[in-house]
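In: Provide a 3D model corresponding to the input given below.
(one chain, ligands or ions: 1)
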Amino acid sequence: ANTLMAGKRGLIMGLANDKSIAWGIAKALGNAGAELAFSYQGEALKKRVEPLAAQLGSDILVECDVADQGSLDRLFETLKEKWGTLDFVVHAIGFSDKNELRGRYVDTSPANFAMTMDISVYSFTAVCKRAAEMMPNGGSLLTLTYYGAEQVMPHYNVMGVAKAALEASVKYIAEDLGKLGIRCNAISAGPIKTLAASGIGDFRYIMKWNELNSPLRRNVTQEEVGKAALYLCSDLGSGTTGENLHVDAGYHVVGMKAVDAPDI
Ligand code: NAD
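Out: From the prediction side, this is the model:
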């Protein structure tokens, strides 16, 4: 344990269960002394999220569907009433119709394109705008992205296009809010088995490929993403904004299949 986050208050969005990347991040920040609030999508998730939040001493749980601007307003109103100010927000949310996370990108429907962009991209901007109003002393905003934004990955399709837009929005938000002492960054996580990942076609193959071909010759864990989030959300990251920090066992630097990787 450490005290890097002592005296800091923040919101974690996107906790669904104990496999969520949001959980790895919440543990790292909570164990470093942060006071946490959680938002969850829909009442069905409440019974999962409540005991996890309790483990980290948090009893601030707010239902929020990020596709609904009114729901986002109510979330931040609640935090304003409880806390007044905020030091960090972690946005670990993405969504697309899983029927379009296989096959060809070019077949994406207009309705799913718009929905994917709204939930996976615009929601972060909408969150940052509201959070910044509660950060008079500066703060840290963090989202989660994937290498499929930078290079073509099988089946990632419309989500890759959305993550590219998300990564661009991180840079624009960093510029807009930097003068207020608010930093904005992304973590590009390697493939991790979660609920959202299970919607991606051939995800096990993608994990195996990363394990065999990344410089560290393994996959990363939620806890490792948590440690990187601790850096970005704490004072350790005070000089870093607009960044896309890869926590992917180095996969993003690889240009070719490893010589020791067997055919899979
Ligand atoms: P997860 O399923 O545990 O989390 C996804 C979360 O998004 C869930 O809590 C879900 O409730 C929430 N969500 C979806 N639509 C929402 C809405 N309309 N309103 C509010 N919440 C909504 O999966 P995860 O893998 O932990 O995903 C977290 C983030 O990490 C996502 O942005 C994902 O794209 C990103 N990511 C995941 C991986 C991976 O391999 N798992 C790799 C890189 C990036």
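In: contacting residues for L141?
Out: 88-89, 91, 124, 127-128, 131-132, 173, 177, 182-185 (CB atoms under 8 Å, 6 or more residues apart in numbering). C-betas here are computed from N, CA, C, even on glycine.
In: between those residues, which is nearest the ligand?
Out: The ligand lies nearest to H91 out of those, by CB to the nearest ligand atom, at 7.5 Å.
In: what is the burial count for the closest residue to N112 other than its chain neighbours?
Out: Of all residues not flanking N112 in the chain, D97 sits nearest, at 4.6 Å (CB to CB, 6 or more residues apart in numbering). By other CB atoms under 10 Å, the residues close to D97 number 15.
In: where does D97 land on pLDDT?
Out: pLDDT recorded at D97 is 97.
In: ok, now the one 3 residues further on?
Out: Each residue has a pLDDT score; the one for E100 is 96.
In: same check, this time on G201
Out: 89.
In: as TSV, the contacts of L141 with distance to H246, neighbour count and pLDDT would be great.
Out: Output for the contacts of L141, formatted as TSV (distance: CB to CB, whole Å; neighbours: other CB atoms under 10 Å; pLDDT from 0 to 100):
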residue	distance to H246	neighbour count	pLDDT
F88	20	25	99
V89	21	28	99
H91	18	26	99
F124	18	28	99
V127	22	25	99
C128	21	25	99
A131	24	24	98
A132	26	20	98
I173	19	24	99
L177	23	21	99
I182	23	21	99
R183	17	24	99
C184	17	29	99
N185	12	24	99
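In: can you give me the helices for the protein?
Out: 21-31, 46-55, 69-82, 110-117, 123-132, 157-178, 203-213, 222-233 (DSSP state H).
In: who wins for proximity to T145 among the ones you listed?
Out: The minimum distance between T145 and the helices of the chain falls on helix 157-178, with 4.7 Å, by CB to CB.
In: rewinding a little: among the contacts of L141, which ones lie close to the ligand?
Out: On the criterion CB under 6 Å from any ligand atom, none of the entries of the contacts of L141 sits beside the ligand.
In: looking at those, which is nearest L61?
Out: V89 (15.3 Å).
In: for the residue nearest to E175 when sequence neighbours are not counted, give its distance to F88.
Out: Distance criterion CB to CB, 6+ apart; nearest residue to E175, sequence neighbours excluded, is G242 at 7.1 Å. From G242 across to F88, the span is 16 Å (CB to CB, to the nearest Å).
In: could you do G70 as well?
Out: 24 Å.
In: again with V106
Out: 38 Å.
In: likewise for M5?
Out: From M5 to F88 the distance is 8 Å (CB to CB).
In: for K82, same thing?
Out: Using CB to CB, K82 is found at 15 Å from F88.
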